[in-house]
Every structure is written in structure tokens, then in C-alpha cells.
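Colleague: Here's my sequence, what's the structure:
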Amino acid sequence: MAVFVPKQKKSPSKKKDASTGTSVLKKIPVLLVCVIGLVLVLLIAGGIWFFTLRGGNNPFSRTGSGDGEAFYRELADFDALLVKSESFEKPETLNRTLDRLAKRALGVESHLSILKRRRLLARQDPRFIAPYQKAAQEVAEAIPSSESLAAVAAEAMLRGDPVIEGETGAQLRRYGSRLSETMLKPLALSLYILLGDLQDPFRAAAIPNKETLYSAVLPETMIGAAAPLNFDLITDLALLRIFRGDIPGATEQINTLIRQPAAVSGNPEFIRLAAEFFYDYDNPLRAAELFSQFSDEQSMARQADALWRAGYVSGARNLWTLLLSPKQSEEEGSYATEEIKVRSLYNLATTTEDSKEKIADLERFLAQGPKLADNFGGRDGGQSYYTYGTVYYTRLLDTPQSILILEKEQTGSNLLLDLELLRRRGEMWPVDKAVAETWLLLNRYPEDPRIYQWACYFFDRQRRYEETALLMKEADHRQINGPWTALHESIRLIREGRLEEAEQRLTAIAPPHVTWQVPANRAQILEIRSDPAGALEYYETASTLVKEKKSAAEIRFRISRCFSALDQAQESRRALEQALQFDPEYFSARLELQRMDR
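Modeller: Below is the predicted model:
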């Protein structure tokens, strides 16, 4: 700090002692500097001694506090006490000592040192297990950021054969979710395995960071080593991804294993799993390739199914024919073999283009009716195969023949047969009688949505819209619904002129629920809006989906109408002729052709 000193008048006495005064003034600053320097040296030396030579106050010591030396000295005294055998006779004394030390612990390392000693005691004497568990849980909750403490707390909970369920299981999962360090991931995965989470797909999918846990125990260098544990874990990971909806990730995982011959050579079940996966997730050709690696009949049947789905119908039919050959039938007379043979016969009948061959195959198929009922399982039991075959067969015959066969087969409660019989009889009945019989059938099967769906279609087709409205109200009352309800609701909206709402309902119907009626009604909306070109596109789509001949004829008639609006007379005539090929009795199409010929 600077100090202002006013000038003073020179004294004669100073002049007089000038020679001695000058030397004194020169010596004073030198002395002052020496004194100040000595004081600073002493202060620095004292600081160094204070901060370095006193280990307990060293901020860079193990604890960083003045209590560190005392803490570790008491910890050493406790270790010496453990050497004495009589110390275990008084567990409360040891627990109190550790409790006192825990209160003086200043960090994670200090707490871990205490817990290490508690763990040692718990391993040697079960009386120390409960205090160890309690202390570990308290510290883990007090310092939630420490993964090491969470790991120790989880280990402590597993002491003494606890019941791993309820709150104990929930707490172990919470500890597992805190373990993210690489060296602790195997412990976390072990906890989830111990809790049984990998046995339940719902619980397994809920495991946080499950992929990183697998990667910790499955390094890339071991994936191709064919270690059984690693292989099973990778398979489980693929299944978890499927369950979670990550199909691309599951595909990559499965392909990774397939490309490792050493990993899959001893695991044929994995090849089957992969084949079924590709079959279910739109890669049937890949599935057929994998199924071809097996020679058993079940795999051959699945390979044929996959080929058919992939569009290779001739290849599928060759395999079905082979499965029906005498050589195949002599190999085994098992349940599966009989089922595969009958299914192969049904598939051959439904995939041939030759109508005579189709009828012959179906007659052979239906001739094994008792076997179908006895051997086949499924949603409707064995009878379903026989029922489908019967319905398919009768649709190849004329109406009187079909009715005779269906009446003969109608021996019990079978909705599909009853509905088909009603449909074929309705071709010969007046509309009012068919409507009344439809309501009677609804009363027999009041909870089955299939009859509601067909009845809505029938009523709309007959333009009995008041019946449709009553049926929809009844379905709503019984909480019966499905994509078909949106379709018939859109038909009502079109009739009422609410085209935009109807279009929204139709657009919301997603595959695989899109039947031919969906594009047909969208086309009708465009026709009303005077857009024949747009309507024509939707009608063409509907014509590729429709199966029933009368409906196909109606679609071709509407296509003709669009061509006519576009001034394409030749295309319009061709569409009318096609309509009459589907339904020779289609009066509207015949009348329109006559009008064109005038």
C-alpha cells in the first residue's frame, strides 16, 4: 500500500551529520528485506510440514481429510481384532464397530472397504448376513451413482437363500439396471437369468439395454466358435428382437449365425427356426432353401408350402405328389405322416387348373373323412379340414348337387356347412325367404362374427339396407366388429352422399383385410365424382381380388361402363362379353350388348 509522505524542510543538524546519516539510511532497507524474507521462508516451510508431513491432513491422502488417518487406523485395528478367535463370540461388538466406521466413511472406496469386511464375516458366520444386507442396501441407496455399490448390494441380497420374488426380485432388477460398466454387465445378465426374465418373452423384452448385455458375454471373436451358451444367447437375442418387432435386426442376427457353419452344424433346430422365421416374415424362397436341408416328411411339406407362397407352384406340386407316393407312405405310419399325406392331397386339389383333376383329388380327399376327424387338430378340430374340402368340392358342382351333398353332411352344429347350405339354397329361393332364413341362422350362432360378416354382405347385395342397419346394431350390441364393419359403414355413407367420410373409412382398411369390395367401392365414389379413369383403375384392382363369379361379372359390367364414359366402345364391349362369361344370366350385361348392336 502506497503512503503519501509530505516533504519536510532540511534540518541543519542533518547537514551536520550527513556523512553518518547516509550510511544508516542505506542499511535499514537491507535489514527489513532480510527479516521479511526469513518470515516467508518459515511460513512456506510450516505449510509444507503442515500439508505433507501430517498424513491425516494431506488433501492428496487416501481420504482427503483430517480423519483419514484415524479411519484407516481404526480399520486396521478392526482387522487385528478379527484375528482373535474369541471376537466372533460377540457379533454385536463387531457390527457396532463397523457401524461406527460407516458413519466416518467419506467416499465409495471407504464404504467398499467396510462392506468387504462385512462380506467376509457373512461368509464365515450366518449371524452377520442380515447386517451385511442391511448395510449394503443403505449405502447403495445413499449413493445411487455408484455401480460398484449396486453390485455389492445385489450380491448381499442373494446371501442366505432368499425367495427371489416380489419386492426382492424387483430390487434385484433395479440393481441390475444400474450396472452398465463392461466388467459388471455379465453380473447384470446373471441377475436377469436368475430372476427368470429370459424365460418370459414379455419380461425379457423389458430388460434395459439387453443388446449391450449380450455383447458383453458374446465378443465377436466367439460368435463363430459354436460354444453352446453363446449360440443359445444369440438365438435368444434374435427371438427378443422378433418379439419387439425389430424384424430387420432379427434377420441380420439369424443370417449372421447361418453364415457361421461351425455355429449351426450341431444345431439343426436353429435351421428349422430360421426357416420358419423366413416363412412367417415374407421370405418364403429363403425358407424353402433352408427346409430343403432336411429329408423328413414334415420338412418336405413345409418346403412345398414355402415354394407355393413364393410363386413356384409347380415345384410345390412336385413335392406334394412325392409325399403321396407309395414309397413315402411305407416309411412310417405315424400321426404326422397321415396328416401330411391328406394335406398334400388337399393342396394338389386346390392348386390344379384342371377342373376334372380338381374334382378327382377332392373326392379322394373327402373319402378319408374319418381319418380327418380322428387325426387332425387345429382351431376347429379335425373336422375343419373335411369341412373346407366339402365346401370347396360343392362349389365345383351345380346347385342341386351341392345342396344334396351339404344336406347329407349336415349332421351337427357346423357353421361353415350351414352357411354354405343357406347360400346355395338362396340361389333358388325368393329373396324374402333367403333373408328370413339368414336371420334364423343368426339366431343359431349369435356370437360368431363370421355369420354377421356374410349376412351384411348378403343384405347389401340384395339392397336390403334396412336389414343391414338392424344387423349392424345387433353386432354393436354384442360387441362384434372387424374390418368388415368399416366396409359396410362406408356403403351406407355412399348411399347418403357422404363421400369423403366413406373414402376415409375405406382408406383405413389395411391389408390383409382388403377384399374386392374395398377397391370396388372406392371406384364407385370416383364414378359419382365423374372420374371414370380413376374409377377404372380401382375396378381393375377389384377384378383381380374377386372370386365369386356373379361378383366378378358385376365388376366387369362396371368396367364396361367406365370404358363407355371414356369413349372406348371396343373395350367396353369386351368387358361386357367377359361379364357374360362369368354369369351367362347377367341380364344387365346382355341388355347393354343388345343396345350396342342396334
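Colleague: Which strand or helix spans Gln479?
Modeller: Using DSSP states H and E, Gln479 sits in no helix or strand.
Colleague: Over to the one 5 residues further on?
Modeller: Taking DSSP H and E as the definition, Trp484 sits inside helix 483-495.
Colleague: what's that helix packed up against?
Modeller: Packed against helix 483-495 by the contact rule (3 or more CB pairs under 8 Å, 6 or more residues apart in numbering; DSSP states H and E) you find helix 449-461, helix 465-477, helix 499-508, helix 517-528. Quick note: C-beta positions are derived from backbone N, CA and C, even for glycine.
Colleague: What lies in contact with it?
Modeller: With contact meaning CB atoms under 8 Å, 6 or more residues apart in numbering, helix 483-495 is reached by 452-453, 456-457, 460, 465, 468-469, 472, 475, 499, 501-503, 505-506, 508-510, 513, 515, 517-518, 521, 524-525, 528.
Colleague: With only the CA atoms kept, save that helix in CSV.
Modeller: What follows is the C-alpha trace of helix 483-495 in CSV, where atoms were taken according to Å, rounded to 0.1, in the frame of the first residue of the first chain:
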residue,chain,number,x,y,z
PRO,A,483,-62.7,-54.5,-40.8
TRP,A,484,-65.9,-55.7,-42.5
THR,A,485,-67.9,-53.3,-40.3
ALA,A,486,-66.0,-50.3,-41.7
LEU,A,487,-66.7,-51.6,-45.2
HIS,A,488,-70.5,-51.8,-44.7
GLU,A,489,-70.5,-48.5,-42.9
SER,A,490,-68.8,-46.9,-45.9
ILE,A,491,-71.5,-48.4,-48.2
ARG,A,492,-74.1,-46.6,-46.0
LEU,A,493,-72.2,-43.3,-46.2
ILE,A,494,-72.0,-43.6,-50.0
ARG,A,495,-75.8,-44.0,-50.2
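Colleague: Taking their axis directions, it and helix 465-477 sit at what angle?
Modeller: Computed by axes from the mean of the first three to the mean of the last three CA atoms, to 10 degrees, the angle separating helix 483-495 from helix 465-477 equals 140 degrees.
Colleague: what bits of the chain have low per-residue confidence?
Modeller: For the chain, the stretches with pLDDT under 70 are 1-68, 84-89, 201, 211, 214-234, 262-266, 327-336, 369-383.
Colleague: OK, contacts around the residue most central in space within it?
Modeller: To find the centre residue of the chain, average its C-alpha atoms and take the closest one (CA atoms, centre = their mean): that gives Arg244, at 2.3 Å. With contacts defined as CB under 8 Å, 6+ apart, Arg244 is in contact with Ala205.
Colleague: Three-state assignment for Leu179, please.
Modeller: Classification of Leu179 using DSSP: H, G, I helix; E, B strand; the rest coil returns coil.
Colleague: Same check on Asp161?
Modeller: Secondary structure, three-state DSSP: Asp161 is coil.
Colleague: Near it, how many other residues are there?
Modeller: 6 (other CB atoms under 10 Å).
Colleague: what's the answer for Ile271, then?
Modeller: 18.
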